[in-house]
Each structure stands twice: as structure tokens, then as C-alpha cells.
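K.L.:
Whatever this is, show me its structure:
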Amino acid sequence: MARILYSCCGEGQGHSSRVLTLTRELTQRGHEVKILASHKAFKVLQPRLPDVREIPGFTFVYRNNRVELLASFWGNLPLIRQRGSEVRKITKLIEDWQPHLAITDFEPFLPRAAEIAGLRCISLDHQGVIPYARPTLPLDQQIPSIAARSVVWLTDYHTEAHFATSFYYPPVPSGENVEFFPPILRQKVLDIKPRDDGHIVVYQTSNSFTRLPELLKAMPYQFKVFAYENREGQDGNITYFPRADERFIEEVGAAAWVLTNGGYTLMSEALYLGKPVFSLPVAWQFEQWLNARYLDDLGYGRMCDDLREFPVKIKEFLTNVGKHRENIARQDFFGNERALARVLSFLPVK
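P.N.:
Alright, predicted model coming up:
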């Protein structure tokens, strides 16, 4: 059986969820998988998989529900300077362990190390759709789009094939070794039987969205909010849960609809469970804006990237929530088998 070296970005929950799901499928087939992960991903994967090693990784700085690009750059500058050292460590690991394939989920050091060591490397993430998605951009997304596309290009540059999971599929120019799949979903999501108990699930990646309670209290719904690290309890029509609460995805499965930022993973899980999504993407985070834009364009929900427009946009969403459910019901949001088959095709034949 094959040996696979798999690296994972530490920002956001989607990367670790994909890596965990695919690693379990690969190990069930007898393959040996060694994981390299940073930050949140390491904390998620290390207790759940047998061979997980911690590596440094890049992070974002959030303030007032927006990404601070300059602060993020300065915060990551020390790691940028030591990237050569990190690549050499991974190259040494490759030489010692002799894996048959490297896979990166939006992690930049393994692809470069694999190229140096002569190891085949593929990318499998969601960010791979970004360079091919070309919606009309508002002025405030011009710079973030350039930054996001540059980061994806630099991360995937050293890989021989680019696979991306998504609920939207922009056209790919001929000759590109790129393929898109529906979402890769964790078993906990697949086990849920969706129902509608009437509540609304709210999720936010960052603690920095300080206006969130104010917006929710002005609406006649019961909200279950997973947005803060340690906040719990009842406050009017809002029930707070810790962001990492184990009940989260079950509450999504029982919700009428979901209010979230523009993160891909919750969007894809909510759509699989048949839940319309109202999206408030984090400002200056182009991937979130892009996900929200396609969600809106495809009729699966509504986006609001300017809080001044919130009252109008939420009213439009609620007026059309039934239509959103119908649009969602017509689509396929399960891509596990296709993604796994493509990964297996890169492994040596017995």
C-alpha cells in the first residue's frame, strides 16, 4: 500500500475537515498517511489521527469583521523569512520516509519540498476555484481579489494537478489540469436527517463582529449563535453556544435557515442539508466574498456585504426563502467519492 504525506492549512475548519475525511478513507483502504498541520488544524487532527506533526502556518488578523491585510502581512513576515528552513525540514522528511504522493490542502511548504525531492504532489482544497472565478468585482474587492489569486497561485504553483471542492463551478480553460468536485462532507453531516424546528443557526469565524447581537435582537426569530469562544447562555431571543460546541452541526440540521459569514465549509454543509444561507462575508476576505456572490447568483441564499443594506437584504432573503430551498433541492452537494477516486488515481498500482 502507498505512503501519503498530506499537509493542511491551519486557518478555518474546512481544511481540517477535508483532511480528516479523506485520510480516514485512505487508511481504511490500507494506505499510510502522515499529516503536517498548523494552528487550529493541528489541534483538530492530532487527537483524531495516528500520525500528525505540527508545522508553522500563516494566519489572518481580524478586526470588526474584516481581514486587516497589512496587519496580516506583518504578522506573517517572520514565517515568510524562515520559509526556506521549513521547506528543508519537510524535504528531509520526504527523503527519510519516501512517500509515494504528497497532497496539500492550501498549505504552501509541502509542494515546494516535494518538487525539490522529486515527489508527485497534488492540491485538493476549495481555494483552487478562485483563479477561475471571474464575476464582476466591485471596487472594494479589486485589491483583495489580486491578493487572493496571487496566494492561490503561489501555493499551487508546484503541484501537478489542482482539485477543488465547491458548490459552484467556474469554467476552466482547456489544457489546465484542474477539476472541480461537489463538497467533501464529514460523516457527522452525512448522518444527519434534516428537519425544520424553526430556529436559526448563526455562525461567525471571528469574534470581531461586535454588531451581531444588535442585528439579531431586532428580528422576530430564535437564534442559536456559535460565534464566540466562551460565551454561553440566553439573552432575549439569542442562545449563545461556544463556537466549537459539539451540538453545532445537529442544530444546523434542525434549523430553518443559516446566517453565517462567507466560509465555504458551513455553506456547503448547510446546502447539503437543504438549508438556505444568508451570508455576511468578512470584509477584505475575497474567498468569502466570492462564495457569497455565487451563493446569491445561484439562488441558494442572499449575500450582504454592507451592513447598511442589512434590513433590505434580509427582507429579500426571507421573502424568497422557499424559492432558495427549491433551488438547493435540485442540486448535488456530495463529492466525497469523486474526490477520493481522483486521489487514488495518483497512487501506484499494486
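
K.L.:
When you work out contacts or count neighbours from here on, use the C-alpha atoms and nothing else.
P.N.:
Will do.

K.L.:
those helices in the chain, which residues are they?
P.N.:
Here the chain has its helices, by DSSP state H, at 13-28, 39-45, 69-81, 83-97, 109-117, 142-156, 187-190, 212-217, 248-253, 264-272, 286-297, 310-319, 321-329, 336-344.

K.L.:
Only C-alpha atoms, please: export the fifth one in PDB.
P.N.:
It refers to helix 109-117. Extracted in PDB, the C-alpha atoms of helix 109-117 (Å, rounded to 0.1, in the frame of the first residue of the first chain):
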ATOM      1  CA  PHE A 109       5.600  24.400   2.100                       C
ATOM      2  CA  LEU A 110       5.000  20.800   1.200                       C
ATOM      3  CA  PRO A 111       4.500  21.500  -2.600                       C
ATOM      4  CA  ARG A 112       7.900  23.200  -2.700                       C
ATOM      5  CA  ALA A 113       9.600  20.400  -0.700                       C
ATOM      6  CA  ALA A 114       8.000  17.800  -2.900                       C
ATOM      7  CA  GLU A 115       9.300  19.500  -6.000                       C
ATOM      8  CA  ILE A 116      12.800  19.600  -4.600                       C
ATOM      9  CA  ALA A 117      12.600  15.900  -3.600                       C
END
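
K.L.:
re the thing from before, so which of the helices of the chain comes closest to residue 303?
P.N.:
Residue 303 lies closest to helix 286-297 among these, at 5.4 Å (C-alpha to C-alpha).

K.L.:
how far out from the middle of the chain is that closest one?
P.N.:
Computed by C-alpha atoms, centre = their mean, to the nearest Å, the chain-centroid distance of helix 286-297 equals 13 Å.

K.L.:
Flag every buried residue along it.
P.N.:
286, 287, 288, 289, 290, 291, 292, 293, 294, 295, 296 (16 or more other C-alpha atoms under 10 Å).

K.L.:
can I get the residues you listed in JSON lines with pLDDT and distance to residue 303?
P.N.:
Shown next, in JSON lines, are the buried residues of helix 286-297 (pLDDT from 0 to 100; distance: C-alpha to C-alpha, whole Å):
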{"residue": "286", "pLDDT": "93", "distance to residue 303": "13"}
{"residue": "287", "pLDDT": "94", "distance to residue 303": "13"}
{"residue": "288", "pLDDT": "94", "distance to residue 303": "10"}
{"residue": "289", "pLDDT": "96", "distance to residue 303": "9"}
{"residue": "290", "pLDDT": "97", "distance to residue 303": "10"}
{"residue": "291", "pLDDT": "98", "distance to residue 303": "9"}
{"residue": "292", "pLDDT": "98", "distance to residue 303": "5"}
{"residue": "293", "pLDDT": "98", "distance to residue 303": "7"}
{"residue": "294", "pLDDT": "98", "distance to residue 303": "9"}
{"residue": "295", "pLDDT": "98", "distance to residue 303": "7"}
{"residue": "296", "pLDDT": "98", "distance to residue 303": "6"}
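
K.L.:
Pick the one among those closest to residue 318.
P.N.:
residue 296 (13.2 Å).

K.L.:
Confirm for me that the closest one is in contact with residue 304.
P.N.:
No - the pair residue 296 / residue 304 is not scored as a contact, 9.4 Å apart, by C-alpha atoms under 8 Å.

K.L.:
Where do the domain boundaries of this structure fall?
P.N.:
Using automatic domain parsing, the domain parsing of the chain gives 3-184+335-344, 188-329.

K.L.:
What mean pLDDT does the first one get?
P.N.:
This means domain 3-184+335-344. Domain 3-184+335-344 comes out with an average pLDDT of 89.
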